[in-house]
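Asker: Quick one, structure for this:
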Amino acid sequence: MYAQPMLSYTDPQGDLYVSDSGRLVHLEHMPIRSIQYAANSIAYLDNDGELNYYARHKQQILDVTNPSFYSNTDYYLYYANGGSFSVYDGKERRYLGYIQNHPYAFGDSLAAIHDFSGYFYVYEQGMLIELEQQPVLRVTAGDNTLAYINHIGQFRVYLHGEQMDVDSYAPIAFQAAANTVAYIDNYNYLKVLWNGEITELTHFAQINCLSTIINDEPELANYCNGPVVVNVESGLPVFKTGDELVAYIDDEENFYVYSKGVLTKLEDQIPEQYTVIDNLLWYVDGNGFLKAFLNGELHVVETYLPKNIKADKNTLVYTDLDNRLKAFYNGKKMSVSENIIQSFELNNNMVMYSDMPNKYKFFILR
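Answerer: Modelled structure (predicted):
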């Protein structure tokens, strides 16, 4: 990570400007189609559908037109043309594999793909590493973690260069984040793999799946293709996984967080809503208070629910009751704007906001 994050805006004439290390850089004369921010880069499709990448104070046109998708992460830019999946590291582009017929996934620092023969690989630190010689059934990725179900229903995890056998049977649901995998096993136990160890968190009497159970594969007879929820009416997920933490609701409607090996009971009732972003958990309790759990500590951020909230890594940015902008950053509250704002954006610890039409200000949280 070599520079501060960036944010951009388009002026009334359609010109694109980016704030880069305290200065405004003019990138485009025409309205762009879309844009994605990462820790130290931006990627966007210009007016002609060309994929552009801006980092280290340089703009690069990648000669990729109308990709079927692109995703800009803190380490790599991933994109696809048709079924061809490629990665760009800011210097070189590399073809990774074929995504037309088999599952794939990618995180900040790794990607999982199949080749034309159905071999399953992980791409990490410039290397392709073979994991399976048959196509996998399901795969998901965290920042540096892969979790997948292989062709015979075994549940495996790849982390820090090691492949681990987690369970002989496919889980009902699973999620991955940095250094962390949470899953509901075939017997309805919620478990977490962290620091090389599996910890059992709770048992569910029944599983409420918001989407249809997949049963066309014998190995995935009980697999849930959507969120596992407290109940179908609320649609509130029973667990969410972040970087080295898992938040969940047990059958007694208690709300817990497991963070770096420590289990903490947060509430003895279901939260109104909750969100996990990177290493930050924020939620609204039964009284309508906005709370945040970060670095092992629970904070009451506000005694009301802000109308607009954005989160990224250690940061919450939100509007107060007067529509002024505030932030909760690294465990501390601070004021961002003295005036009423019209809009705002957040990327890592950079905030961009407008308190007048077509006028933008930038604020670095420290």
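
Asker: low-scoring stretches of the stretch 101-250 of the chain, by residue?
Answerer: Residue ranges of the stretch 101-250 of the chain with pLDDT under 70: none are present.

Asker: all helices for it, in order.
Answerer: With DSSP state H, counting those that start in this stretch as the definition, the stretch 101-250 of the chain shows no helices.

Asker: After whichever strand or helix holds Gln59, which helix or strand is next?
Answerer: Assigned by DSSP states H and E, Gln59 falls within strand 58-65. Per DSSP H and E, the first helix or strand lying C-terminal to strand 58-65 is strand 69-72.

Asker: Could you pull out the buried residues of that next one?
Answerer: Within strand 69-72, the residues that count as buried by 16 or more other CB atoms under 10 Å are 70-72. Bear in mind the C-beta positions are built from the backbone N, C-alpha and C, glycine included.

Asker: Dump the C-alpha coordinates for it into CSV.
Answerer: Only the C-alpha atoms of strand 69-72 are listed here, as CSV (Å, rounded to 0.1, in the frame of the first residue of the first chain):
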residue,chain,number,x,y,z
PHE,A,69,-17.2,-7.7,-15.8
TYR,A,70,-14.3,-6.0,-14.0
SER,A,71,-13.5,-5.8,-10.3
ASN,A,72,-10.9,-3.6,-8.8
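
Asker: List the strands paired with the next helix or strand after it, with their directions.
Answerer: Moving toward the C-terminus from strand 69-72, the next helix or strand (DSSP H and E) is strand 77-81. Using DSSP bridges, strand 77-81 pairs in its sheet with strand 69-72 (antiparallel), strand 84-88 (antiparallel).

Asker: Report how many residues lie close to Gln269.
Answerer: Counted with other CB atoms under 10 Å, residues neighbouring Gln269 total 14.

Asker: unless I'm mixing things up, it is touching Asp250, no?
Answerer: No: using CB atoms under 8 Å, Gln269 is not in contact with Asp250, being 11.5 Å away.

Asker: Find the residues that touch each one of the two.
Answerer: Overlap of the contact sets of Gln269 and Asp250 (by CB atoms under 8 Å, 6 or more residues apart in numbering) is empty.

Asker: re the thing from before, make CSV from the strands paired with strand 77-81 and add mean pLDDT to it.
Answerer: Below are the strands paired with strand 77-81 laid out as CSV (pLDDT from 0 to 100):
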stretch, mean pLDDT
strand 69-72, 97
strand 84-88, 96
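
Asker: So which of those strands is nearest Arg366?
Answerer: Nearest of the strands paired with strand 77-81 to Arg366, taken as CB to CB: strand 69-72 at 24.6 Å.

Asker: List the contacts of that closest one.
Answerer: Contacts for strand 69-72 (CB under 8 Å, 6+ apart): 36-38, 41-43, 45, 51, 53, 64, 77-80, 106.

Asker: ok, the spatially closest residue to Asn330 that is not a sequence neighbour - contacts?
Answerer: Among residues not flanking Asn330 along the chain, Asn314 sits closest, at 5.0 Å (CB to CB, 6 or more residues apart in numbering). By CB under 8 Å, 6+ apart, Asn314 lies in contact with 278-280, 294, 329-330, 349.

Asker: Double-check Thr208 against Val229; I have them as touching.
Answerer: Let me fix one detail, which is that residue 208 is Asn and not Thr. Yes: using CB under 8 Å, Asn208 is in contact with Val229, at 5.1 Å.

Asker: Could you tell me which residues touch both of those two?
Answerer: Val238.

Asker: Name the residue in the two with the higher neighbour count.
Answerer: Each of Asn208 and Val229 has its neighbours counted (other CB under 10 Å); Val229 has more, 19 against 16.

Asker: residues in contact with that one?
Answerer: Contacts of Val229 by CB under 8 Å, 6+ apart are 208-210, 235-238.

Asker: Can you say which of those are buried?
Answerer: 208-209, 236-238.

Asker: tell me the two of those residues that are most distant?
Answerer: Taking CB to CB, no two of these sit farther apart than Cys209 and Leu236, at 13.4 Å.

Asker: Indicate which one of the strands paired with strand 77-81 is closest to Val192.
Answerer: Closest among these, using CB to CB: strand 69-72, at 25.8 Å.

Asker: With distance to Met30 added, can I get the buried ones among the contacts of Val229 in TSV?
Answerer: Compiled in TSV, the buried ones among the contacts of Val229 are given as follows (distance: CB to CB, whole Å):
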residue	distance to Met30
Asn208	48
Cys209	45
Leu236	43
Pro237	41
Val238	46
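
Asker: Looking at those, which are in strands?
Answerer: The strands, defined by DSSP state E, take in 208-209 from the buried ones among the contacts of Val229.

Asker: and which of the buried ones among the contacts of Val229 is nearest to Gln13?
Answerer: Using CB to CB, the buried ones among the contacts of Val229 come closest to Gln13 at Pro237, 43.1 Å.

Asker: so what's the closest one closest to, chain neighbours aside?
Answerer: Of all residues not flanking Pro237 in the chain, Pro227 sits nearest, at 4.6 Å (CB to CB, 6+ apart).
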